[in-house]
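1. have a look at this fold, sequence not included:
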């Protein structure tokens, strides 16, 4: 992948999304908020694949929807190709939407069961007034179907006539119809069988190469993310705790949460050591009531007093990644918790 | 394999359902064993029959109109032949089961403690107070903090990991000899999954129970299982010790699975090698070898002949259902392991072509 | 929880006032007989009619009339006086309330017990001949008009005119305080009629709800624990399947308390329904307003009770 000179495709600065919680008898008062995304900043370079990983409630899906402007941010800034799109509306937003598309997790509920797949894939053309002629549109759709590995003769079939993997291909075809610059994939293979996952992942990589796409890949499966992504951002309770090139992050994680995540992944190798695994205690705190300062300090094996007072900023730790931690993991600690790498 | 009588032995189990679209052959003649205190991993994707097989063990498919043939021998008794009443005495008692989604598998309207107490009193004649004490003890055993308070909570007041722990606690209430865990961690976050797997391992050590763990995740079986059975289209296509399955597998489907999953240690530059096609319908299964439409190494005769699960020469405990010759299989795997693609491996090994 | 209840009660009051206002407008605006003229009778001269109109307060503006009504209602619990008989509406209604309550609540018990019972049996034997027969019967009963059913039962079973004379016929109603045995006997046929259609609906509801519930994962877990099938169905299954019934039961009772007129007419039970019917023919607005108000009150209260009951039944629902 080639990185174009100049500015990144997407720039996110201080992005915040709070969902208010209300209570009251007659008048609803705001009593708190679910801090789904709480100050997230990162860039997405042209042509790269950025992975967003984290567990339930970390805010990765919310972040994706904020970038896509499916949600309005509580505060912060989102720039796409240098343009501030945070508060865009109407025709301007529609113009930007041509350039960014999304594919979703559940292939069974993300396609309208009442429409033929030809109509589903062709809808982006219709919305943006492209390929107006009926014959033209059909040709364009069928070309797309072939590209993603579907039989173009199935143009008039309905989603329920396809398997999960095929439906996901339909979703990809629809997303790529307008040749967007940015594609966000929100857990695109989590609901698929293992043997089908590989097919869809290969398809995404292939499409990215062919169309020069920039891809934001959201998943909870760390092995899949490692395979697909150039850079990876790890999220916890609405914040990015570590971000950096995939190799650096997987070989030498600095943030204890990243270490715990990597240590927890079951490895398809019975000979691998598994006794030293880092087990986190307890549950993820509620995003409506997150811990003070460092969000992870309540479960962190390395936490000290400073961590509940001083919020660590995301900083370069000298080993290739930026991590938000006062006491990042040392290489001995990383080896101890059995983090496995290619080395 | 130990000379001891296995705790559970399944012989030629077949389970069919009649549906509007035809007869579904969910389980099509499987045989396997589980030894006391050991863990068997059953690996398969959707439609492989792994869940139906385990539900049938406890007779839980009887209410769905399943037609069952074959034998399921538990400590010598055939569970298929038992009456409902006799089977009920075993469920939740000698054999217990844990399911995939703890949110939907626990009754939303009853407190967790109530459901645990019910499990205890179903098989033990004890007072409610004693049962409640036992429930609290069980919650503590599975690592739930503050169990005397949490016992009065509802399932939705627990987090995902806690709920699964509670389900495991419920399954353990009568100290089962065999625990069947159907995708116990699939619905959980990865750090929680690690906690649950560690818990299962600890409980097995402490209580000496056998575990059957059903999953599609090869990483999970690599960790947990002593023996593995790989299922496809209602059959077992390969069974061996865990080390053998990952080191020297002999079935093309197993190869396909191993090559198609991304791992933390694998190379990032290569594309994954997916298994082409989709899993077959269990109503209209492919003729001959059920895997042949997706197998890169199949021969014309594989469309006609149905392979049986047969022992692998020189490897006790290793069985595979494949029509290719043993030495051909080993050569192919050697190629795949070295990083060749299936077609390259095929070309390199030069499988003897049959007359069409 | 208390916050929720208070909120619902406040909304209930608001709703009541809205209903009242609508009623007011409806009766004044829709073409109907002029109560003043009716009162005046055959010999009413325009002067007398005007005087009557003034006495009844009908010459004031609509909002003024409404204000008077609302004031009387909330401050004095005064529902006005019948145009026809000058009797206080409140008294008229409260005198007749026990009869309607007896009819509706008794009927409710019958339909819940029958409906749920038949529903459970049908669900457990879904697809069998018994199931199909009971659902078929249910369909017939639901479709049958109440007055037709009433007349048929009288024709068949009434002690005075029936073919098989076992139950007391029309007009035999005696209040509970008068003679409990006769009270009970006189209500048997009316209860069956009131319950018939609704029992049928409930049977179908429970059947569907239970069949669906029995497919849930937690039922599978209950079986896996080794519980008897009876316990699985009645304790685990019904606990969930009963929820739709609770919602519907509250509403059904509420609605029926205000609209039992057909059965009351056929069986000559002196209830609110009959009172209302007669009042309409006389264009006796105060009575009609009063009865509709009482009916609305029952429905609103029933709604609130149902919502609260739901919060108790389903611990996931908390406000």
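-> Good, I have the coordinates. Predicted model, so just to flag it, every value in this text is computed and none were measured.

2. can you give me the domain assignment for chain C?
-> If you go by automatic domain parsing, the domain ranges for chain C are C:33-78, C:96-313.

3. so is the last one next to chain B?
-> Yes - using CB under 8 Å from any CB of the partner chain, domain C:96-313 reaches chain B at C:216-218, C:220-229, C:236, C:239-240, C:313. From N, CA and C alone the C-beta is placed, and that goes for glycine too.

4. do that domain and chain A meet at all?
-> No - Domain C:96-313 does not reach chain A (CB under 8 Å from any CB); its nearest approach is 14.5 Å.

5. name the residues of stretch A:189-200 that are buried.
-> Neighbour-count burial for stretch A:189-200 flags A:189, A:191, A:192, A:193, A:194, A:195, A:196, A:197, A:198, A:199, A:200 (criterion: 16 or more other CB atoms under 10 Å in any protein chain shown).

6. can you check stretch A:315-335 too?
-> A:317, A:319, A:321-329, A:333-334.

7. just give me the closest of those to chain B.
-> Among those, residue A:334 lies closest to chain B (CB to the nearest CB), at 13.1 Å.

8. tell me the spacing between that closest one and residue A:248.
-> Counting by CB to CB, to the nearest Å, the gap from residue A:334 to residue A:248 is 12 Å.

9. what's the answer for residue B:82, then?
-> 58 Å.

10. the buried residues of stretch A:189-200 also near chain B: which ones?
-> Counting by CB under 8 Å from any CB, A:193, A:194, A:195, A:196, A:197, A:198, A:199 from these sit close to chain B.

11. if we can go back for a sec, a markdown table for the domains of chain C, including mean pLDDT, distance to residue B:61 and mean neighbour count?
-> Listed next are the domains of chain C as a markdown table, based on pLDDT from 0 to 100; distance: least, CB to CB, whole Å; neighbours: other CB atoms under 10 Å in any protein chain shown:
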| stretch | mean pLDDT | distance to residue B:61 | mean neighbour count |
| --- | --- | --- | --- |
| domain C:33-78 | 76 | 63 | 14 |
| domain C:96-313 | 86 | 10 | 19 |
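
12. reformat these as CSV; add distance to residue A:178.
-> Below are these laid out as CSV (distance: least, CB to CB, whole Å):
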stretch, distance to residue A:178
domain C:33-78, 60
domain C:96-313, 41
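
13. of those, which is nearest residue B:264?
-> Across those, residue B:264 has its closest neighbour in domain C:96-313 (32.4 Å, CB to CB).

14. now the terminal residues of the closest one, how far apart.
-> Using CA to CA, to the nearest Å, one end of domain C:96-313 lies 34 Å from the other.

15. for residue A:95, the count of nearby residues, please.
-> 12 (other CB atoms under 10 Å in any protein chain shown).

16. which residues sit against the helix or strand encompassing it?
-> Assessed by DSSP states H and E, residue A:95 sits inside helix A:90-97. Residues outside helix A:90-97 that contact it (CB atoms under 8 Å, 6 or more residues apart in numbering or on different chains): A:68, A:69, A:80, A:83, A:85, A:88, A:128.

17. give me the buried subset of these.
-> A:68, A:69, A:80, A:85, A:88.

18. isn't the third one up against residue A:7?
-> No - under the contact definition of CB atoms under 8 Å, residue A:80 does not touch residue A:7, with a separation of 10.5 Å.

19. still on that earlier bit, in helices, which of the residues of domain C:96-313 next to chain B fall?
-> Residues of those located in helices (DSSP state H): C:217, C:218, C:220, C:221, C:222, C:223, C:224, C:229, C:239, C:240, C:313.

20. and the pLDDT at the residue nearest to the fourth one when sequence neighbours are not counted?
-> For residue C:221, the nearest residue in space outside its immediate sequence neighbours is residue B:105; the separation is 4.7 Å by CB to CB, 6 or more residues apart in numbering or on different chains. Residue B:105 carries a pLDDT score of 94 in this model.

21. can you tell me which of the buried residues of stretch A:189-200 is nearest chain C?
-> Of all these, the one sitting nearest chain C is residue A:191; the distance, using CB to the nearest CB, is 18.0 Å.

22. what's the helix or strand for residue C:120?
-> Per DSSP H and E: helix C:89-124 holds residue C:120.

23. centre of the chain versus that helix, how much separation?
-> 8 Å (CA atoms, centre = their mean, to the nearest Å).

24. SS state for the residue of the stretch 1-150 of chain B found nearest chain A?
-> Nearest residue of the stretch 1-150 of chain B to chain A, counting by CB to the nearest CB: residue B:45, 4.2 Å away. Counting by DSSP: H, G, I helix; E, B strand; the rest coil, the backbone at residue B:45 sits in coil.

25. make sure it is actually in contact with residue A:195.
-> Yes - using CB under 8 Å, residue B:45 makes contact with residue A:195 at a distance of 6.2 Å.

26. what touches both of the two?
-> By CB under 8 Å, 6+ apart, the residues touching both residue B:45 and residue A:195 are residue B:279.

27. and the longest helix along chain B, which residues are buried?
-> In chain B, assigned by DSSP H, the helix with the most residues is helix B:190-207. For helix B:190-207, burial by neighbour count (16+ other CB under 10 Å) applies to B:190-200, B:203-204.

28. what helices or strands is it leaning on?
-> Counting contacts by 3 or more CB pairs under 8 Å, 6 or more residues apart in numbering or on different chains; DSSP states H and E, helix B:190-207 packs against helix A:256-264, helix B:160-171, strand B:210-215, helix B:218-224.

29. now those in JSON lines, with distance to residue C:157?
-> Shown next, in JSON lines, are those (distance: least, CB to CB, whole Å):
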{"stretch": "helix A:256-264", "distance to residue C:157": "73"}
{"stretch": "helix B:160-171", "distance to residue C:157": "54"}
{"stretch": "strand B:210-215", "distance to residue C:157": "61"}
{"stretch": "helix B:218-224", "distance to residue C:157": "69"}
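
30. for chain C, which of those is the nearest?
-> That would be helix B:160-171 among the helices and strands packed on helix B:190-207, by CB to the nearest CB, at 7.1 Å.

31. mind checking what helix or strand follows that closest one in sequence?
-> Per DSSP H and E, the helix or strand that comes after helix B:160-171 is strand B:178-182.

32. show residues contacting the longest helix of chain B.
-> A:55, A:220-222, A:260-261, A:263-266, A:277, A:279-280, B:37, B:39, B:141-143, B:160-161, B:164-165, B:168, B:172, B:175, B:179, B:181, B:184-185, B:188, B:209, B:211, B:213, B:220, B:223-224.

33. rerun that using 6 Å as the cut-off
-> A:260, A:264, A:265, A:279, A:280, B:161, B:164, B:185, B:211 (CB atoms under 6 Å, 6 or more residues apart in numbering or on different chains).

34. one more: stretch C:163-183?
-> For stretch C:163-183, the surrounding residues in contact (CB under 6 Å, 6+ apart) are C:154, C:156-160, C:185-186, C:188-189, C:267-269.

35. try it again at 8 Å.
-> Stretch C:163-183 has contacts (CB under 8 Å, 6+ apart) with C:98-99, C:102, C:154-162, C:185-189, C:266-270.

36. how many residues are close by residue A:291?
-> A count of nearby residues for residue A:291, using other CB under 10 Å, gives 16.

37. leaving out sequence neighbours, find the closest residue to it.
-> Here the residue nearest residue A:291, using CB to CB, 6+ apart, is residue A:298, at 4.9 Å.
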